[in-house]
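1. Generate a structure from the sequence data that follows.
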Amino acid sequence: MSDDVNAIDGVLFVTGTGTEVGKTVTTAAVAALALAAGRTVAVLKPGQTGVGPDEPGDVAEVRRLAGPVHGVELARYPEPLAPDTAARRAGMPTVGPKQVAESVADLAKRYDLVLVEGAGGLLVRYDEEGRTLADMAVATAELGLDPRVLLVASAGLGTLNTTALSAEAMRARDLEPAGVVVGAWPAEPDLACCCNLADLPASAGAPLLGALPQGIADGGGTPFRHHARLALAPALGGSWDAAEFTARHRVDF
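-> Residues are numbered from 1 along each chain as shown. Take a look at the predicted model:
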């Protein structure tokens, strides 16, 4: 990815190394900086799980944090499970790659940046055939678009393995990870967190593009945009410096 702010144009799939790693906050941070740069932004959630019909989901949270993005939710299931499992238990239709790709293509005609936020990790099942967010990104590429995939990782012990597995799964499908963002950087990082800063780019084979402070989602609007700018790299519209941040948390052996 270029360090130019224009890198926040196009189609960006946001996935994680697992659940609760900060995907929605990362999506909101990227959206906030794109809006601040004068871009129009759409956020697509293929399958929202764990919320009722009238409850706010992830798209609403992105709006709260980032501002006036256009939000699309293709399916909503009440139980907090993998989309395929949640759909079967609710007796509701699943969402497949073709439907998602066509929705992305339609949005890409009208918005500068289209963010597609997955549920859980890259290979969580969305339908009866076991198709995943990775398959949705592949289907989007087959329509002539050039989707990038941003991987959101946890900070602590175990993240190197899940990051490497996710990146390997992407490349097996001819998807190149655009970079890695630590979705929740703790106020008091432990030894593993500090060491992982240097090791995450090697595990992903992609650059480290940010480290969002834990608790950044406590406020929205201008304060959130300010913190997002300081926590994301220029490739995502911010001013964060990976080398400086890593050096500041360097652990001498």
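
2. how about the CA coordinates for the helix or strand of the chain with the lowest mean pLDDT, as PDB?
-> Lowest by mean pLDDT, DSSP states H and E among the helices and strands of the chain is helix 221-231, with a mean of 92. The C-alpha trace of helix 221-231 is given here as PDB (Å, rounded to 0.1, in the frame of the first residue of the first chain):
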ATOM      1  CA  GLY A 221     -16.600  12.400  16.700                       C
ATOM      2  CA  THR A 222     -13.600  14.700  16.900                       C
ATOM      3  CA  PRO A 223     -11.800  13.000  19.800                       C
ATOM      4  CA  PHE A 224     -12.100   9.600  18.000                       C
ATOM      5  CA  ARG A 225     -10.800  11.000  14.700                       C
ATOM      6  CA  HIS A 226      -7.900  12.600  16.500                       C
ATOM      7  CA  HIS A 227      -6.900   9.300  18.200                       C
ATOM      8  CA  ALA A 228      -7.400   7.400  15.000                       C
ATOM      9  CA  ARG A 229      -5.100   9.700  13.100                       C
ATOM     10  CA  LEU A 230      -2.400   9.200  15.700                       C
ATOM     11  CA  ALA A 231      -2.900   5.400  15.700                       C
END
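
3. How far off centre is it?
-> 17 Å (CA atoms, centre = their mean, to the nearest Å).

4. tell me which residues in that helix are buried?
-> Within helix 221-231, the residues that qualify as buried are 224-225, 227-231, counting by 16 or more other CB atoms under 10 Å. Just so you know, the C-beta spots here come from the backbone N, C-alpha and C atoms, and that holds for glycine as well.

5. all strands for the stretch 51-200 of the chain, in order.
-> Secondary structure of the stretch 51-200 of the chain (DSSP state E, counting those that start in this stretch): strands located at 70-73, 76-77, 113-121, 148-153, 177-185.

6. so where's this protein shaky on pLDDT?
-> Scanning the chain for pLDDT under 70 picks out the ranges 1-7, 253.

7. any idea how far A211 is from L175?
-> A211 is 23 Å from L175, where distance means CB to CB, to the nearest Å.

8. Neighbour count: the two, which is higher?
-> A211 (29 against 21; other CB atoms under 10 Å).

9. Double-check that that one belongs to a strand.
-> Yes: per DSSP: H, G, I helix; E, B strand; the rest coil, A211 lies within a strand segment.

10. With respect to D135, which of the strands of the stretch 51-200 of the chain lies nearest?
-> Proximity to D135 (CB to CB) singles out strand 113-121 among the strands of the stretch 51-200 of the chain, at 11.0 Å.

11. Give me the sheet partners of that closest one and which way each runs.
-> Strand 113-121 sits in its sheet next to strand 10-16 (parallel), strand 41-45 (parallel), going by DSSP bridges.

12. want to try a markdown table for the ones you listed, with mean neighbour count and distance to P83 as columns?
-> Shown next, in a markdown table, are the strands paired with strand 113-121 (neighbours: other CB atoms under 10 Å; distance: least, CB to CB, whole Å):
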| stretch | mean neighbour count | distance to P83 |
| --- | --- | --- |
| strand 10-16 | 25 | 13 |
| strand 41-45 | 25 | 10 |
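
13. of all the ones you listed, which lies closest to A169?
-> Among the strands paired with strand 113-121, strand 10-16 comes nearest to A169, with 9.8 Å by CB to CB.
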